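> got a predicted model here, sequence first, then my questions.
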Amino acid sequence: MNKIYLLLASSILIFNVNYAFACTGFCFPESSGGIPAGNDSFTQYTPYDELIDVPGIIPVGIKDLYVILDSSVDVDIQLYDVDENKPLVGWSIGALIGDGAGYAKTTYNGITIEYSGYNGNGTGQGNEYIKITGVTKNRLVMKFYGYQAGYAQVDYSWGGDGSSSPVTYYIDSSPIIDFPKTILIDKDSFSNYATTDNAFKNGLNGQCTWYVYGRVMELVDKGYLSQVVGERVYNAF
C-alpha cells in the first residue's frame, strides 16, 4: 500500500514538473531573427473581490499588442510596467488611464495605449480590451480584478518585426509573480482543500499526497493554475 501512495505522489510531482514547461497565459515565441507576428488565447478564472496576476510577462520588443477580454461577469483589466513598478491602466490605482467608465487613450515611453474603459466595449462590463500601438520598451504584466467571480476568455495578437533580439518564453510563475501563502498549514486544517475537496482526506492528512493535491486545488481556485490542471488532477483520483 505504501508503494501505491509513493507512486501517486511521484505521479503528481512529475505532472507538476511537466506542467511547468507548458506555457499558459501570455506566451511569446523565441526567435533569433526578430519577433514574428502571432496570436494566442487562454482562459483565466478570477475570484470575487480579488486581484490576481495574469500568468506570463509581455516582454520588451512586442509590437502592436491587442488584448481582448471576453467574460460574462464583471472583471476589470489592470496593466503595469514591471521595470518601473508603475500602473498604466486600471481604476483607482493611480494609473495613467482607467479611472473613467469609457474609452481612454494615452502615450507612454514610445507606445500608445488605448483602453475600452471599465464598463467594457459596449457589449458587457466583462468585455474589455487594451490596445498597444508601437514597440514595448519595458516589460509589462496584467492583473484582473473580480467584481464578480468567473472565467474570462483572453485573446491576444501582436505584429511582427518588433525587435531583432531574441524573446524568452515567460512561464506561469515568473520570478515577479509569487504564489500566495497556503492555508494548508498543518494536518488539522479545516479548509475545504484539506477536507471535503481533498481526495486523500481519509487517513492521509499531513502526508505528501494530501498536501500536494490540496495545494493544487487551492491554486486552481485562486486562478494561479489553469482549470485544466485541476481537472486532470481531480480525474486522476
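Right, received. Where do you want to start? Being a predicted model, the structure only gives us computed values, none of them experimental. Residues are numbered from 1 along each chain as shown.

> report pLDDT for the closest residue to Asp99 other than its chain neighbours.
Leaving aside its sequence neighbours, Asp99 sits nearest to Trp91 (CB to CB, 6 or more residues apart in numbering; 5.8 Å). For glycine as for every other residue, the C-beta is placed from the backbone atoms N, C-alpha and C. Here, the pLDDT recorded for Trp91 equals 95.

> same deal with the one 10 residues further on?
Predicted confidence (pLDDT) at Ala101: the value is 93.

> sorry, back to before: the residue nearest to Asp99 touches Tyr118, doesn't it?
Yes. Using CB atoms under 8 Å, Trp91 is in contact with Tyr118, at 5.0 Å.

> between these two, what contacts are shared?
Both Trp91 and Tyr118 are in contact with 76, 98, where contact means CB atoms under 8 Å, 6 or more residues apart in numbering.

> so between these two, which is more surrounded?
Using other CB atoms under 10 Å as the criterion, Trp91 and Tyr118 rank with Tyr118 on top: 23 against 17.

> so the more buried one makes contact with Gln78?
No. The pair Tyr118 and Gln78 fails to qualify as a contact (CB under 8 Å) at a distance of 10.0 Å.

> what is in contact with these two at once?
Joint contacts of Tyr118 and Gln78 (CB under 8 Å, 6+ apart) are Gly98.

> so what's Tyr129 bridging to?
Ile68 (DSSP bridges).

> ok, it - contacts?
If you count contacts by CB under 8 Å, 6+ apart, Tyr129 has them with 66-69, 114-116, 121.

> just the pLDDT at the nearest residue in space to Leu88 that is not next to it in sequence, thanks.
Nearest residue to Leu88, sequence neighbours excluded (CB to CB, 6+ apart): Leu79, at 4.6 Å. pLDDT recorded at Leu79 is 97.

> so which other helices or strands are in contact with the strand or helix carrying Leu79?
Per DSSP states H and E, Leu79 falls inside strand 75-81. Contacts defined by 3 or more CB pairs under 8 Å, 6 or more residues apart in numbering; DSSP states H and E place strand 75-81 against strand 63-71, strand 86-89, strand 128-135, strand 140-146.

> switch to 6 Å and redo it
Contact partners of strand 75-81 among helices and strands, from 3 or more CB pairs under 6 Å, 6 or more residues apart in numbering; DSSP states H and E: strand 86-89, strand 128-135, strand 140-146.

> buried residues in the longest one, which are they?
For strand 128-135, burial by neighbour count (16 or more other CB atoms under 10 Å) applies to 128-130, 132, 134-135.

> which residues in this structure form strands?
38-46, 51-53, 63-71, 75-81, 86-89, 104-108, 111-115, 128-135, 140-146, 150-159 (DSSP state E).
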